[in-house]
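Colleague: Could you work out the structure for the sequence below:
(2 chains)
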Amino acid sequence: MFRNLYADTRSILLSRAFHLALIIIAAYQVFYFAHIKVVYAFIGVSEIDADDIAFVFVSVAAFLVTAATLFITDREFSSGCIRNKLISGVKRRDAFLSAVCGGMLQGALYTVFACLISIPFIGLFSVGFINFSIQEVADYWLVVVMTCMAIGAFSTALVMILGGSKLSYVIGLLIAFVMKVWDTVILDKLYPEKGFCKLTGAKLAVYSFVDKYIPYSYLMIRPHYEMRFYVTGCAAMIVISVVIGLIVFSKRELK
Amino acid sequence: MINLYRANMKRITANFIFLGGCIIAFLATYIFTANVMGMTGRFENMGPDRRMFFISIAMMGFFTIFVPLYTNMEYRFGVIRNKIVAGYSQKQVYYSHLLGHLSVLAIMMIFYLLGGILGGARDFWEIALLNIVMFFALCGYIATMMLISFRILKIVALSISAFLILNVYYTGTMIGNALLSFVLKGAAKQVGVIIYNMTVFGQWFSGTGLADDYINPGRFLQMVISIVVTLAMTLIATAGLDKRDLK
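Modeller: Predicted structure coming up:
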């Protein structure tokens, strides 16, 4: 298991897709900062709050983590790596768990990198945080790290379950996009700009559940629940991905 | 070229993703337009005609998946190589695919219109105008998908690129709404409106009645913008295409 995990981790860290994802995160931070600067120039504001440029990664995190894990995990199938591992005696369970750990590692590394990249922008170009205390900033990044790890695990498990079929290329990305659109609707209904929430009954229960326990929604708005809800949501997503993935992956015929 | 188009249509119309998409287009439009699920609030107030138009954006999602997957499958299975070996140029193959996908769009819109009309949409002129605009907007989107499908041959990179475009269009429209409402003024706003309407999301948003009126430059201008986008994407896709080596 650990030899396999070591090999997978090394493969991820040395892969071009991983490096490209890091470059994209840095480039997006620069692009977003330039965009904010232009918008502020239009409305005649010269000072930028750190609130506006600190959490840039969060808006693209779900897509980026899903895309990167899809790219790297699919390579295992297309290059015959998984098949070779199984032939050389690696258990299916170990191969799956190692891949999922790799997905989680990617999620964590991308977020930590994004956090580090945002620090010089905050220090050099902003007037500091207005609506966040230091503890809230730390909490926010912690939630994003956990969320990206959960999404990385889920996305990797999906590719391992569907590996080799056409569905694996679209399902993770489609879920990430649909959740983004749906979460926009949910937030609009739960926290309307004008007036109060008018939802009742089953709809309120479903929307509140998604807002509280589905990690994709944690990336849509700053943390507003206690940390235990975020930990529960992310842990549940990882556990469900691993359990279902192990059951399916151990029985499926590999192409 | 006509032979290529016919062959394409024969293969596409037998494709299970396309057939499933048509059935879903019919059923989803009927269910949404007739409000079978008993939605209240904003959707109930929209009325059948607007509800029908609202669901039309699902076709954008369908073509995000279908165009790259189908076209790449043709590359992977050697269908395109065989066509080139048979004496057709890559440009001819491209045009036949583009025409094929636009025909698929027209067929799917027939299913969608059928579902909407059976679901209770009645205002003929509003349906006709809005959906012609949507048809042209989707043509631009399909041309964009065709561009990446012919330029990126690795399926994983292609899927990621297709969804990246979908995400950029969606996020761009949301940002566009905020910029046009609060930031841009005068000539900058006019340019912003044109850019906003270059995406399907932008044109769809202006047709749903959920957005402010100023994001709509006029239905005719929207169609012109879509045609320009389609032509631009086709030009970029075919530039130097015949000189490219196929593996």
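
Colleague: From now on I want contacts and neighbour counts done on CA atoms only, so please keep to that.
Modeller: Will do.

Colleague: quick one, phi/psi of residue 205?
Modeller: Here I'm looking at chain A. Here the main-chain torsion angles of A:Ala205 (degrees, to the nearest 10) amount to phi -60, psi -40.

Colleague: Chain B, not that one
Modeller: Phi and psi for B:Phe205, reported as degrees, to the nearest 10, are phi -60, psi -40.

Colleague: tell me, how many neighbours does it end up with?
Modeller: The burial count assigned to B:Phe205 is 23, neighbours taken as other CA atoms under 10 Å in any protein chain shown.

Colleague: Repeat that for the one 4 residues further on.
Modeller: B:Gly209 has 13 neighbouring residues, counting by other CA under 10 Å.

Colleague: what's the answer for B:Tyr88, then?
Modeller: The number of residues packed around B:Tyr88, counting by other CA under 10 Å, is 15.

Colleague: cool, and B:Arg219?
Modeller: Other residues within reach of B:Arg219 by the criterion other CA under 10 Å amount to 17.

Colleague: Kindly report the same for B:Ala232.
Modeller: When neighbours are counted by other CA under 10 Å, B:Ala232 registers 14.

Colleague: and the stretch 51-200 of chain A, which residues reach chain B?
Modeller: In this structure, the stretch 51-200 of chain A approaches chain B at residues A:Phe63, A:Ala67, A:Leu70, A:Phe71, A:Asp74, A:Lys166, A:Tyr169, A:Val170, A:Leu173, A:Leu174, A:Phe177, judged by CA under 8 Å from any CA of the partner chain.

Colleague: cutoff 7 Å now
Modeller: For the stretch 51-200 of chain A, the contact set with chain B under CA under 7 Å from any CA of the partner chain comprises A:Ala67, A:Phe71, A:Tyr169, A:Val170, A:Leu173, A:Phe177.

Colleague: min pLDDT across the residues you listed, which one?
Modeller: Lowest-confidence member of these: A:Tyr169, scoring 80 (pLDDT).

Colleague: That residue: what secondary structure?
Modeller: Local secondary structure at A:Tyr169 is given as helix here, using DSSP: H, G, I helix; E, B strand; the rest coil.

Colleague: That one against B:Val156, yeah?
Modeller: Yes. The criterion here is CA atoms under 7 Å, and A:Tyr169 meets it with B:Val156 at 6.1 Å.

Colleague: who's more crowded, these two?
Modeller: Ranked by neighbour count (other CA under 10 Å), A:Tyr169 and B:Val156 place A:Tyr169 first, with 26 against 20.

Colleague: For the more buried one, list the residues it contacts.
Modeller: Taking CA atoms under 7 Å, 6 or more residues apart in numbering or on different chains as the contact definition, A:Tyr169 lies against B:Val156, B:Ser159.

Colleague: just for the chain, where's the confidence low?
Modeller: You didn't say which chain, so I picked chain A. The model of chain A has pLDDT under 70 over residues A:164, A:255.

Colleague: ah, no, chain B please
Modeller: Screening chain B residue by residue with the criterion pLDDT under 70, one finds the ranges B:247.

Colleague: what packs against the longest helix seen in it?
Modeller: When chain B is parsed with DSSP state H, its longest helix is helix B:90-119. Other helices and strands packing on helix B:90-119, by 3 or more CA pairs under 7 Å, 6 or more residues apart in numbering or on different chains; DSSP states H and E, are helix B:2-13, helix B:16-33, helix B:124-151.

Colleague: Spatially, what comes nearest to residue 246 if we skip its sequence neighbours?
Modeller: As the question left the chain open, I've gone with chain A. Take A:Leu246 and drop its neighbours on the chain: the residue closest to it by CA to CA, 6 or more residues apart in numbering or on different chains is A:Arg93, 6.4 Å away.

Colleague: looking at chain B here, not the other one
Modeller: Leaving out its chain neighbours, the residue that sits closest to B:Leu246 by CA to CA, 6+ apart is B:Arg81, at 7.4 Å.

Colleague: What's the separation between that neighbour and chain A?
Modeller: When CA to the nearest CA, to the nearest Å is the yardstick, B:Arg81 and chain A sit 21 Å from each other.

Colleague: and that residue, how many neighbours does it have?
Modeller: Using other CA under 10 Å, B:Arg81 is surrounded by 17 other residues.

Colleague: next one: the one 3 residues further on
Modeller: A count of nearby residues for B:Ile84, using other CA under 10 Å, gives 16.

Colleague: Now name the helix or strand holding it.
Modeller: B:Ile84 belongs to helix B:79-85 when assigned by DSSP states H and E.

Colleague: ok now that helix, how far from the chain's centre?
Modeller: Distance, stretch centre to chain centre, for helix B:79-85: 27 Å (CA atoms, centre = their mean, to the nearest Å).

Colleague: same question, stretch A:103-121
Modeller: 11 Å.

Colleague: So which residues make contact with it?
Modeller: The contact list for stretch A:103-121, computed with CA under 7 Å, 6+ apart, reads A:22, A:25-26, A:54, A:57, A:65, A:69, A:144-145, A:148-150, A:152-153, A:156.

Colleague: Return the set of buried residues in that stretch.
Modeller: Within stretch A:103-121, the residues that qualify as buried by neighbour count (16 or more other CA atoms under 10 Å in any protein chain shown) are A:103-112, A:114-115, A:117-118, A:121.

Colleague: before we move on, which element is residue 189 in?
Modeller: Defaulting to chain A. Under the assignment given by DSSP H and E, the secondary-structure element containing A:Lys189 is helix A:167-190.

Colleague: looking at chain B here, not the other one
Modeller: Take DSSP H and E as the rule and B:Lys189 turns out to sit in helix B:186-196.

Colleague: Run through who's touching that helix.
Modeller: Outside of helix B:186-196, the residues within contact range by CA under 7 Å, 6+ apart are B:Thr173, B:Gly176, B:Leu180, B:Gly202, B:Ile215.

Colleague: Which one of the residues of the stretch 51-200 of chain A next to chain B sits in the busiest neighbourhood?
Modeller: For those, neighbours were counted using other CA under 10 Å, and A:Ala67 has the most, 28 neighbours in all.

Colleague: mind checking how far it is from A:Phe96?
Modeller: Per CA to CA, to the nearest Å, A:Ala67 is found 19 Å from A:Phe96.

Colleague: And for B:Gly78?
Modeller: 32 Å.

Colleague: So for the two, which residue has more residues nearby?
Modeller: Remark: of B:Gly78 and A:Phe96, A:Phe96 carries more neighbours, 23 against 13, as counted by other CA under 10 Å.

Colleague: so how far is the helix or strand where that one lies off the chain centroid?
Modeller: Assessed by DSSP H and E, A:Phe96 sits inside helix A:92-125. The gap between the average C-alpha position of helix A:92-125 and the chain average comes to 9 Å, counting by CA atoms, centre = their mean.
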